[in-house]
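Engineer: Sharing a sequence plus its predicted fold:
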Amino acid sequence: MSRRRLFITLAALLLIGGPLIGRAQEANDPGFGGAADVAFAERLWVQLREARLVGRGAIGSRPYEGVEPHGAILTTLQSSLLLDDHEGVVIVKNNYLGENVSVQSVADNPDLNLDAITVMFRREPGYDPETRNWFWAKFNSDGTLSTNPRGRRLAGRVAKNPEDGCIACHVFAPGNDYVFLNDQFAVPEAFDVASAGLPGVSNFVPQRLDQQPADTALSPGLRVTYYNNIFNVVQEVREWARRAPGDAGVPLQSLDYNVGSGKVLTSGRVDGVGAVIDGLINFPTTGVYTMAMRSNDGVELTIGGETIFSDPTVHADRFSGLVTVEIDQPGWYALDLLYFEKRNTSTLELFWLQPGEEGGLNFVPPSAFAHRAG
Ligand code: HEC
């Protein structure tokens, strides 16, 4: 798509879809511009400077013509950054505006006509699974935060409402990953199984728990026990767990771990981790759910007695194929998950598309996970 057509399409989508999205999401917009967001953005800026991704003497990249609302000329850098003990992907966009600004003028002097620096930083799991855990910030060229017309600083989950919104527009990025320029963080689309080169869809009909637990009997998240060892196949984790005591970990609030070489789940360790995870998953409505899992390394997921994903050996990040899960009765289903990470990078993500929804899959939200209290 040409840049002009892309812009026209986006503008149209915002005009038509914006007010709807705005209304639906304003109520549960966790917001932006609060003290914690601003403090985080300030630390982010310091680290960006340190990594020479912003400021004078920053690493250069080839300028190109941009589309609204970003500048007339843009440069974009992608890297990874360590911040508050979490290593995440960062994408920095320099936005250039001005009378005579051109690709050549920016190439010749990247400090001139720099209007704003817009940044996306992939934060720790659980930050905002709904929007793939991106933190958004818009800085002025001197590193101070830009504000919206009402004086709110643009840092944090900016914003699900169309007037302010990074998120309200980036939600239209292909691949459902909020990133326009590439699809490195994409999730397969349910209707796109063939072209995604994934194995065919399989269908599962899990068994609901006979006795539905009362809300008061439940604690949020999935229970996890860790085993420190080098595993090569996921079944070894189960065998090891029969013989050795493990370490109870902080429950997993969501399965949205994509942490590079950072810490494996809540184990505090970066390598040699096996995890036995169990609890309950709530399917809120009847109908057909499309689900996908991405793992690195081995994984085996059983829901309501059906093993729906199994990718048991050592591997780089990959999807386990799409499946459909037929739910006749809404409510809580038993969930058992085995996982291990041998060394280097670690990923454990679970996605679904609820009945009647279209487009890309989303992380299963934290509200769908629980375990029996006590
Ligand atoms: C009206 C739509 C729209 C809004 C609002 C918007 N962007 Fe973007 N953004 C885009 C488009 C389109 C691209 C890719 C175009 C390009 O780089 O030429 C993009 C690219 C980016 C990129 C590079 C990564 C990518 O997605 O390709 C970053 C970083 C970014 N935007 C940050 C922000 C931040 C931060 C905000 C809010 C302060 C914001 N954007 C608001 C449309 C928007």
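Structural biologist: It's in.
Engineer: got the contact list for the residue most central in space within the chain?
Structural biologist: Centroid-nearest residue in the chain, with C-alpha atoms, centre = their mean: residue 132, separated by 2.3 Å. Neighbour list for residue 132: 122, 177, 178, 185, 256, 363 [criterion: C-beta atoms under 8 Å, 6 or more residues apart in numbering]. C-beta coordinates here come from the backbone N, C-alpha and C atoms, glycine included.
Engineer: just residue 314 next, same as before
Structural biologist: 232, 297, 298, 342.
Engineer: Of those residues, just the buried ones, PyMOL syntax please.
Structural biologist: In PyMOL syntax, the buried subset of the contacts of residue 314 is picked out as below (16 or more other C-beta atoms under 10 Å):
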select buried, resi 297+298+342
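Engineer: possible to save the contacts of residue 314 as JSON lines with pLDDT?
Structural biologist: Below are those laid out as JSON lines (pLDDT from 0 to 100):
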{"residue": "232", "pLDDT": "96"}
{"residue": "297", "pLDDT": "94"}
{"residue": "298", "pLDDT": "96"}
{"residue": "342", "pLDDT": "96"}
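Engineer: quick one: which of the contacts of residue 314 is nearest to the ligand?
Structural biologist: The ligand has its nearest neighbour among the contacts of residue 314 in residue 297, at 28.9 Å by C-beta to the nearest ligand atom.
Engineer: Can you show me the helices along the chain?
Structural biologist: 3-26, 35-50, 103-108, 166-170, 234-243 (DSSP state H).
Engineer: name the helices or strands packed onto the shortest one?
Structural biologist: So that's helix 166-170. helix 3-26, strand 134-140 (3 or more C-beta pairs under 8 Å, 6 or more residues apart in numbering; DSSP states H and E).
Engineer: What distance do you get for residue 327 to residue 283?
Structural biologist: 4 Å (C-beta to C-beta, to the nearest Å).
Engineer: Ok, residue 311 next?
Structural biologist: 22 Å.
Engineer: Who is residue 77 paired with across the strands?
Structural biologist: With DSSP bridges applied, residue 77 shows beta-bridge pairing to residue 92.
Engineer: re earlier: ranked by average pLDDT, which of the helices of the chain falls at the bottom?
Structural biologist: Per-stretch mean pLDDT for the helices of the chain is lowest at helix 3-26 (a mean of 42).
Engineer: Run through the residues of the protein sitting next to the ligand.
Structural biologist: 6, 10, 14, 66-67, 69-70, 74, 76, 91, 93, 118-120, 136-138, 154, 158, 165-166, 169-170, 173, 179-181 (C-beta under 6 Å from any ligand atom).
Engineer: from these, which would you call buried?
Structural biologist: Judged by 16+ other C-beta under 10 Å, buried ones among the residues of the chain next to the ligand: 10, 14, 66-67, 70, 74, 76, 91, 93, 118-120, 136-138, 154, 158, 165-166, 169-170, 173, 179-180.
Engineer: Spatially nearest residue to residue 175, not counting backbone neighbours?
Structural biologist: residue 186 (2.8 Å; C-beta to C-beta, 6 or more residues apart in numbering).
Engineer: can you pull the contacts of that neighbour?
Structural biologist: With C-beta under 8 Å, 6+ apart, residue 186 has these contacts: 174, 175, 176, 177, 360.
Engineer: Domains in the chain, by residue range?
Structural biologist: The chain breaks down by automatic domain parsing into domains covering 3-186, 191-372.
Engineer: and those domains, which one is worst for confidence?
Structural biologist: What stands lowest among those, in mean pLDDT terms, is domain 3-186, with a mean of 85.
Engineer: Give me the distance between that one and the centre of its chain.
Structural biologist: Here domain 3-186 is found 15 Å from its chain centre; the criterion is C-alpha atoms, centre = their mean, to the nearest Å.
Engineer: Could you tell me how many residues sit around the closest residue to the ligand within the stretch 251-374 of the chain?
Structural biologist: Closest approach of the stretch 251-374 of the chain to the ligand (C-beta to the nearest ligand atom) occurs at residue 360, with a separation of 14.8 Å. Residues near residue 360, counting by other C-beta atoms under 10 Å, number 21.
Engineer: could you list every residue that touches the closest residue to it other than its chain neighbours?
Structural biologist: Leaving aside its sequence neighbours, residue 360 sits nearest to residue 176 (C-beta to C-beta, 6+ apart; 2.6 Å). If you count contacts by C-beta under 8 Å, 6+ apart, residue 176 has them with 186, 187, 189, 359, 360, 361, 362.
Engineer: Give the ChimeraX command for selecting the buried subset of those.
Structural biologist: Here is the ChimeraX command that picks out the buried ones among those, judged by 16+ other C-beta under 10 Å:
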select :186,187,189,360,361,362
